[in-house]
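In: Following is a predicted model, sequence given first.
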Amino acid sequence: MYNEKVMDHFFNPRNVGELENPDGVGQVGNPVCGDMMRITLRIKDNRIEDIKFRTFGCGAAIATSSMVTELVKGLTLEEALEVSNKQVAESLGGLPPQKLHCSNLAAEAVHAAIQDYYKKQGIDIEIKTEEHEHQEHGH
Amino acid sequence: MYNEKVMDHFFNPRNVGELENPDGVGQVGNPVCGDMMRITLRIKDNRIEDIKFRTFGCGAAIATSSMVTELVKGLTLEEALEVSNKQVAESLGGLPPQKLHCSNLAAEAVHAAIQDYYKKQGIDIEIKTEEHEHQEHGH
Amino acid sequence: MSSQPNAQRQVYLDHSATTPVRPEVLAAMLPYFAGKFGNASSVHRWGYAAREAINDAREKVASLIEASPNEIIFTSGGTEADNLAIRGIAHARKSKGNHLITSQIEHHAVLHTFEALQKEGFEVTFVPCDKYGLIDPDDVRRAIRKDTILVSIMHGQNEVGTVEPIKQIGEIAREHGVLFHTDAVQSAGKIPIDVKDMNVDLLTLSSHKIYGPKGVGALYVRRGVRLTPQVTGGAHERMRRAGTENVPGIIGFGEASRLAKAELPEEAERLSKLRDKLIEGLLREIPDVALNGHPVLRLPHNVNVSVKYLEGESILLNLDRMGVAASSGSACTSGSLEPSHVLLAMGLSHETAHGSLRFSLGMSNTEEDVDYVLEILPPIVGKLRAMSPLGPGSGL
Amino acid sequence: MSSQPNAQRQVYLDHSATTPVRPEVLAAMLPYFAGKFGNASSVHRWGYAAREAINDAREKVASLIEASPNEIIFTSGGTEADNLAIRGIAHARKSKGNHLITSQIEHHAVLHTFEALQKEGFEVTFVPCDKYGLIDPDDVRRAIRKDTILVSIMHGQNEVGTVEPIKQIGEIAREHGVLFHTDAVQSAGKIPIDVKDMNVDLLTLSSHKIYGPKGVGALYVRRGVRLTPQVTGGAHERMRRAGTENVPGIIGFGEASRLAKAELPEEAERLSKLRDKLIEGLLREIPDVALNGHPVLRLPHNVNVSVKYLEGESILLNLDRMGVAASSGSACTSGSLEPSHVLLAMGLSHETAHGSLRFSLGMSNTEEDVDYVLEILPPIVGKLRAMSPLGPGSGL
Ligand SMILES: Cc1ncc(COP(=O)(O)O)c(C=O)c1O
Ligand SMILES: Cc1ncc(COP(=O)(O)O)c(C=O)c1O
């Protein structure tokens, strides 16, 4: 079903866990829908110095979480905000079609964590929401 | 499909052909329906002395024709008139269900031949018609 | 059966009824019964293996008719595929119109399905054929109305072998914005099929006619054409046909399709020669025999003749005793009372239609088989005709 | 797959999804692919051999449920049999009434078919179940109206294994002159079935759940009950289901039925013991695990648990890597967005329903298999929970 790269990230996820006293926390999804991700960030000099994730969800949800942490680690916040769910899926070499519209929230979780960081600095940013069909869940 | 006795009568039919100057001729069925039988009789002392058949039809039609000639040969005309299609089928050890309502006209052909014989003597007899569904053909 | 003395030869000439599963096909299927037996929907290695094998088979079946894999819906056979095409389109397009067109010479899987739709309230036009079983595309054109939603005309006729002008009919349907279905159960693997070139929107295939296993078939549905599923349940076949996939069957069908395509040109030529030899021989050796179907626009493997003054089943039983398998359009072989609707539509009399014989050639057949039939059939006919009250010599 | 390191053991625990064809069954089928490959309708030795074999198989399938052979209609599987029963009766009895009754926990083959009938204009009542997945016969009684024409309630629930009070429901239906269908795909061969004793009018079977081949099933239709055929064409299956018979499939199904019946008492006892050992072990070894389904009125081969704070597919992938095949009611495994409708109907939260696991036992399973699962599953759960944002230790 999944390709090897997805399986590698699923079985050997990078950056699992939770940072203590994080600079930003992002949480997206909902256990009711079957997937939920929680990203914690350490920010230094406008860059993502460290990142960890915790995910409730299927193989795709866990693999994309792991992948996104690798993609954004070391990026500036502006760069990290440009990383999209689609890019995450592509970096994994693609996801099965039935998983594309679901379980592919990882970039959003990062964006939410960055937004949380800015908020703590007193800055309100708006996050581009990607076109995806996750909203279809309806709850 | 057919049992051995039917196949025996089909492959080795008794009394095939046509008597010359027969005392009675009976023909039933219709090639349009896929089965037609022609019985010729030689009558002596109110008994069927000789009988021959010709049949256009399926295995059951030919086997029942052969069987009926064996059954009635030597019988008095009254006895022969009592022989039914059902009895012919039973004497053959049964016919497949889809053949029971069709291709089972042999006794009727004999009755028709007897009727023809009586007619030539100036006697009109009525023949009991059996309950069977051959009429359903509709032509 | 004891009344079948050891026939010298066994000659199977009923390939239009069904074919044996060829060894390569059975070999391809075997691993999927017990080893790789998974359900293709399952999330584990057994499931993945089944899914991959189905995808592979789908490509092979698609390739036989020059379609894309995702245009193939696997079904339980040709009959179900015909039903899905016809009921599925009729139900999906009900709001667009109430009129359907088919021919008088379709297989029962098509004909009876249109009759069922008539009972549901659809109007159906059954276009006729000529004496060769050929359908005139202009008859189809004339039958099309504003409210016509589907035309279904078969490709290769199963009884008499006539090949219909599908491409022209498809063109006419397309011009009028009407969907076009063709039943290619008998033609697939026998003559080339290209769904795009032939202007076909839906096309029926059956595995067991091309040396694949029984119990599996397919419906080609052109991308973008929507139909109402007729078997509902799980999300199989992209929501168009529910039910756990018959994995070994589908794999066998795939392999059979691949082989059929690869061997088609050569085999078609070989069979055509055998066919013509048999036709010529029958007409030469037996009096009062007539060819049914088109002399030229004909499936390579089909021979159909009428043997006057005789009924078909009685000939089949004698042929069987001599080891030869054939079929007949006689009413008696079908358990019905009417002989073949196809022969009647072609204008044959009931009487003559009762006496039709179909020999359908296949992979295993050789010239010797044809010679054997030409040797044994004349005396069989002679014996039965001597018993018949019809014809010359019967005194009628 | 390369991410599946050579697992020490291969433990198949997904017998409710499908089973391997057992060797005796495959052996019975094999002659019918290439040697005795005839079409059962043909008038020659190949045809007779196929017809006889089908008759024999029909007797065996009938015997599994104490029916008569002519009460069995062969179909392409359980899904088609469910469709034929429900659509066939609804269409045949339309003039008698417009109301149908089923339950909320039926298999999709039943549920989606009733939904399709709703779109056609039928009214459907979906009766609920209790927290064990048990249906109350009184709920069925209360749902029956003057215009009710069919009740369909399954026998053994496929996900959670609960065995429904079919006999009582059948009695109620009969009292009210309403036909009663039950889907016995999961219970057949596992627990005894007697259609007469159980007051059943129609009953669905599937071959591939009892070590027979995929692509074949059957519908029992009590003598005298009329239904509208859903697949039309040739005169097969006494005019109730058209299409060339899947001869090897039917023969395999027959042999599988015969064996299932012969071995049922012993095998049911053996599986029940394994089942109980697995249930007890799971509840003992893993915290926050709950049994789904009825603790006692339960199919002998079904184990279903919820593993809190986790989603099912992630567990399945890990089990698969260790060579264990299971299934889940998680939405992600079905490609849908909603988790199992059965678990939701039983009152589980969405969250918990996403984390259900089904182990379904079968012939090949041993105590060692159960021990193996109990050895490898706790660390898998531990590892995934450490990754989960939910549950104790997640700080939420
Ligand atoms: C032209 C045609 N259509 C449909 C069918 C039915 O296909 P199946 O035997 O796979 O049900 C057949 C064969 O019987 C056929 O010859
Ligand atoms: C209860 C139940 N009904 C129906 C079916 C469908 O049967 P089949 O897989 O033969 O289409 C299944 C199996 O998937 C089932 O478990």
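Out: Happy to help now that I have it. Residues are numbered from 1 along each chain as shown, chains lettered A, B, ... in the order given. Ligands and ions are numbered 1, 2, ... in the order given.
In: Quick check: C:Thr204 is in a strand.
Out: Yes: applying DSSP: H, G, I helix; E, B strand; the rest coil, one finds C:Thr204 inside a strand.
In: which residues sit in contact with C:Gln104?
Out: C:Gln104 sits next to C:Phe126, C:Val127, C:Pro128, C:Cys129, C:His341, C:Val342, C:Ala345 when contact means CB atoms under 8 Å, 6 or more residues apart in numbering or on different chains. Glycine gets a C-beta too; all of them are placed from N, C-alpha and C.
In: and which of these is nearest to ligand 1?
Out: C:Val342 (10.4 Å; CB to the nearest ligand atom).
In: Could you look up the SS state of the closest one?
Out: Of the three states, C:Val342 takes helix according to three-state DSSP.
In: Now do the contacts for it.
Out: Applying CB under 8 Å, 6+ apart to C:Val342 gives the contacts C:Gln104, C:Ile105, C:Gly133, C:Gln157, C:Glu159, C:Val160, C:Gly329.
In: in the strand or helix carrying C:Gly47, what's buried?
Out: When elements are assigned from DSSP states H and E, C:Gly47 belongs to helix C:45-64. For helix C:45-64, a neighbour-count test (16 or more other CB atoms under 10 Å in any protein chain shown) marks C:45-51, C:53-54, C:56-64 as buried.
In: Show me what that helix is packed against.
Out: Helix C:45-64 sits against strand C:72-75, helix C:247-285, strand D:324-325, with contacts defined as 3 or more CB pairs under 8 Å, 6 or more residues apart in numbering or on different chains; DSSP states H and E.
In: Low-confidence stretches in the stretch 101-250 of chain C?
Out: In the predicted model of the stretch 101-250 of chain C, no residue satisfies pLDDT under 70.
In: same thing with the stretch 251-396 of chain C?
Out: C:333-337, C:393-396.
In: how about a cut-off of 50?
Out: Along the stretch 251-396 of chain C, the parts satisfying pLDDT under 50 run over C:396.
In: For chain C, give me its nearest residue in chain A.
Out: The minimum distance from chain A to chain C, using CB to the nearest CB, falls at A:Met1 (6.2 Å).
In: gap between the helix holding C:Gly47 and the chain center?
Out: Distance of helix C:45-64 from its chain centroid, counting by CA atoms, centre = their mean, to the nearest Å, is 24 Å.
In: still on that earlier bit, can you list the helices and strands packed on helix C:45-64 in a markdown table and add mean neighbour count?
Out: Formatted as a markdown table, the helices and strands packed on helix C:45-64 follow (neighbours: other CB atoms under 10 Å in any protein chain shown):
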| stretch | mean neighbour count |
| --- | --- |
| strand C:72-75 | 28 |
| helix C:247-285 | 20 |
| strand D:324-325 | 25 |
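In: the strands in chain A, which residues?
Out: Counting by DSSP state E, chain A has strands at residues A:24-30, A:35-44, A:47-56.
In: For the residue nearest the centre of chain A, give me its contacts.
Out: By CA atoms, centre = their mean, chain A has its centre lying nearest to A:Ala106, at 2.3 Å. Residues in contact with A:Ala106 (CB under 8 Å, 6+ apart) are A:Met37, A:Phe53, A:Ala61, A:Thr64, A:Ser65, A:Met67, A:Val68, A:Asn85, A:Val88.
In: So what's the residue count around the fourth one?
Out: Other residues within reach of A:Thr64 by the criterion other CB atoms under 10 Å in any protein chain shown amount to 32.
In: picking up where we left off before, keep only those of the contacts of A:Ala106 that are in helices.
Out: A:Ala61, A:Thr64, A:Ser65, A:Met67, A:Val68, A:Asn85, A:Val88 (DSSP state H).
In: Need those residues in TSV (columns: pLDDT and distance to D:Asp147).
Out: Formatted as TSV, those follow (pLDDT from 0 to 100; distance: CB to CB, whole Å):
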residue	pLDDT	distance to D:Asp147
A:Ala61	94	47
A:Thr64	96	52
A:Ser65	96	54
A:Met67	97	57
A:Val68	97	57
A:Asn85	92	51
A:Val88	95	55
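In: In CSV: those residues, plus distance to D:Leu203.
Out: As requested, the ones in helices among the contacts of A:Ala106 are arranged in CSV below (distance: CB to CB, whole Å):
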residue, distance to D:Leu203
A:Ala61, 41
A:Thr64, 45
A:Ser65, 47
A:Met67, 50
A:Val68, 51
A:Asn85, 48
A:Val88, 49
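In: between these, which is nearest C:Asn318?
Out: For those, the closest approach to C:Asn318 (CB to CB) belongs to A:Ala61, at 70.4 Å.
In: For chain A, which residues are neighbours of chain C?
Out: With CB under 8 Å from any CB of the partner chain as the criterion, chain A meets chain C at residues A:Met1.
In: buried ones in the helix or strand of chain A with the lowest mean pLDDT?
Out: Least confident helix or strand of chain A, by mean pLDDT, DSSP states H and E, is helix A:97-100 with a mean of 80. The neighbour-count check on helix A:97-100 (16+ other CB under 10 Å) flags A:Gln98, A:Lys99, A:Leu100 as buried.
In: Could you single out the nearest of the residues you listed to ligand 2?
Out: Closest to ligand 2, out of all of those and judged by CB to the nearest ligand atom, is A:Gln98, at 18.7 Å.
In: how close does that closest one get to C:Glu237?
Out: Distance of A:Gln98 to C:Glu237, given as CB to CB, to the nearest Å: 14 Å.
In: quick one on the thing from earlier: just the buried ones out of the contacts of C:Gln104, please.
Out: Buried among the contacts of C:Gln104 by 16+ other CB under 10 Å: C:Phe126, C:Val127, C:Cys129, C:His341, C:Val342, C:Ala345.
In: For chain A, list the residue farthest from the centre, please.
Out: Computed with CA atoms, centre = their mean, the residue of chain A farthest from its C-alpha average is A:Gly122, at 23.0 Å.
In: and that residue, backbone torsions?
Out: phi 80, psi 10 (degrees, to the nearest 10).
In: Could you do C:Thr182 as well?
Out: phi -130, psi 140.
In: burial count for the nearest residue to it once chain neighbours are set aside?
Out: Distances taken as CB to CB, 6 or more residues apart in numbering or on different chains put C:His155 closest to C:Thr182, at 4.9 Å, once the chain neighbours are dropped. For C:His155, the count of nearby residues is 24 (other CB under 10 Å).
In: For chain A, give the residue positioned nearest to chain B.
Out: A:Gln98 (49.6 Å).
In: Around the closest residue in space to A:Tyr117 that isn't next to it in sequence, count how many other residues there are.
Out: The shortest distance from A:Tyr117 to any non-neighbouring residue, by CB to CB, 6+ apart, is to A:Gly24 (3.2 Å). As a burial measure, A:Gly24 scores 24 neighbours (other CB under 10 Å).
In: was I right about the residue nearest to C:Thr182 contacting C:Gly189?
Out: No: using CB atoms under 8 Å, C:His155 is not in contact with C:Gly189; the gap is 11.6 Å.
In: The closest residue in space to C:Leu259 that isn't next to it in sequence in helix, strand or coil?
Out: Leaving aside its sequence neighbours, C:Leu259 sits nearest to C:Glu24 (CB to CB, 6+ apart; 6.3 Å). Secondary structure, three-state DSSP: C:Glu24 is helix.
In: List the contacts of C:Thr244.
Out: Taking CB under 8 Å, 6+ apart, one finds C:Asn39, C:Ala40, C:Ser41, C:Gly234, C:His236, D:Thr18, D:Gly77, D:Gly78, D:Thr79, D:Ser206, D:His208, D:Lys214 in contact with C:Thr244.
In: can you redo those residues as a markdown table with distance to ligand 1 and neighbour count?
Out: Output for those, formatted as a markdown table (distance: CB to the nearest ligand atom, whole Å; neighbours: other CB atoms under 10 Å in any protein chain shown):
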| residue | distance to ligand 1 | neighbour count |
| --- | --- | --- |
| C:Asn39 | 24 | 23 |
| C:Ala40 | 21 | 22 |
| C:Ser41 | 24 | 19 |
| C:Gly234 | 22 | 19 |
| C:His236 | 19 | 20 |
| D:Thr18 | 23 | 27 |
| D:Gly77 | 15 | 31 |
| D:Gly78 | 20 | 30 |
| D:Thr79 | 18 | 29 |
| D:Ser206 | 20 | 30 |
| D:His208 | 20 | 29 |
| D:Lys214 | 17 | 31 |
